[in-house]
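*Asks:* Sequence first, then the predicted structure:
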Amino acid sequence: MRAGDLVANRFEVEHLAGAGGVGEVYRALDRATGERVALKVLRPPSSRDIERFAREARVLSRLRHPAIVRYVSHGVTGEGEPFMAMEWLDGEDLSARLSRAPLTLAESAEVVRRAAAALAIPHARGIVHRDIKPSNLFLRNGHLDELKLLDFGLAWLVDASRGSSRARGWWWARSATWRRSRRRASARSTRAPTCSRWGACSTGA
């Protein structure tokens, strides 16, 4: 795509913002709203990638929360390539931030608070993200209190009426494993130190 190209008679391409193994991301102008958007274009589209892309668009279109990247639209370009438009975000991901310096305890707590608030929304709708990592946590304008959850391409949807056996099987297997590990830990000691992944530890004393 080149600057000035129009996608779906709505999104005017401004420039290439990034590229990866399965596609490219362009900054574009949404002529319907006047806002800038991130235009994610899948290329070359394999059947597996198309399925994942469609799932991400379907999931994201259901979610509205300040800590989740906002869905705008999706469809197919004139060349037959799937695309999805999301709000444009300036800033950096948490991975880039951590590459410069570790977070303080207070900063870590803010990341956990914001990410947990974001994850509660899809969980309440039977959606499991499955790919939480620093590169999928975006710091809008570099601010931890403006964290946005990205990339629902690996998400599982569990329909409450019909369900997903694969998702339920994974969920119950993980739950059973967690319960067993908790019982073993309790049997060994009721005062063993507990630590979070953010480095805060307590002996419970």
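*Replies:* Sure thing, it's come through.

*Asks:* So for the residue most central in space within the chain, what pLDDT did the model give?
*Replies:* With distances taken as CA atoms, centre = their mean, the residue of the chain nearest its centroid is Leu150 (2.7 Å). Listed pLDDT for Leu150 reads 93.

*Asks:* Please apply the same query to Gly169.
*Replies:* Reported pLDDT for Gly169: 44.

*Asks:* next one: Glu24
*Replies:* On pLDDT, Glu24 comes in at 93.

*Asks:* Okay, strands next: where are they in this structure?
*Replies:* 6-7, 11-19, 23-30, 36-42, 71-76, 82-87, 91-93, 127-128, 137-140, 147-149, 156-157, 194-195, 201-202 (DSSP state E).

*Asks:* out of the ones you listed, nearest to Glu56?
*Replies:* strand 82-87 (7.0 Å; CB to CB). Backbone N, C-alpha and C define where each C-beta goes, glycine included.

*Asks:* Pull the residues that contact that closest one.
*Replies:* 7-8, 11, 28, 30, 35, 37-42, 45, 50, 53-54, 56-57, 60, 69-77 (CB atoms under 8 Å, 6 or more residues apart in numbering).

*Asks:* now the angle between strand 23-30 and it, please.
*Replies:* With axes from the mean of the first three to the mean of the last three CA atoms, to 10 degrees defining the directions, strand 82-87 sits at 50 degrees from strand 23-30.

*Asks:* as a whole number, average confidence for strand 82-87?
*Replies:* 95.

*Asks:* Asp61: what's it in contact with?
*Replies:* Just to correct that, residue 61 is Ser rather than Asp. 71, 74.

*Asks:* Tell me the pLDDT of it.
*Replies:* For Ser61, the model assigns a pLDDT of 91.

*Asks:* on that earlier part again, return the member of the strands of the chain having the minimum mean pLDDT.
*Replies:* Looking at the strands of the chain, the bottom one is strand 201-202 with a mean of 32.

*Asks:* Buried ones from the contacts of strand 82-87, can you make that a PyMOL selection?
*Replies:* Filtering the contacts of strand 82-87 down to the buried ones (16 or more other CB atoms under 10 Å) takes a single PyMOL command:
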select buried, resi 7+8+11+28+30+37+38+39+40+41+42+45+53+56+57+60+69+70+71+72+73+74+77
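
*Asks:* Tell me the spacing between the residue nearest to the centre of the chain and Asn9.
*Replies:* Applying CB to CB, to the nearest Å, the value for Leu150 to Asn9 is 27 Å.

*Asks:* Ala17 too?
*Replies:* Taking CB to CB, one finds Ala17 at 21 Å from Asn9.

*Asks:* and what of Leu16?
*Replies:* 21 Å.

*Asks:* ok, those two, which is more surrounded?
*Replies:* Leu16 (15 against 9; other CB atoms under 10 Å).

*Asks:* what about that one, distance to Lys148?
*Replies:* With CB to CB as the criterion, Leu16 and Lys148 are 21 Å apart.

*Asks:* Look up how far Glu146 lies from Arg48.
*Replies:* 33 Å.

*Asks:* who's more crowded, these two?
*Replies:* More neighbours surround Glu146 than the other of Arg48 and Glu146, with 15 against 9 (other CB under 10 Å).

*Asks:* quick one on the thing from earlier: count the neighbours of the residue lying closest to the residue nearest to the centre of the chain once chain neighbours are set aside for me.
*Replies:* Nearest residue to Leu150, sequence neighbours excluded (CB to CB, 6 or more residues apart in numbering): Asn136, at 4.8 Å. Asn136 has 20 neighbours, counted by other CB under 10 Å.
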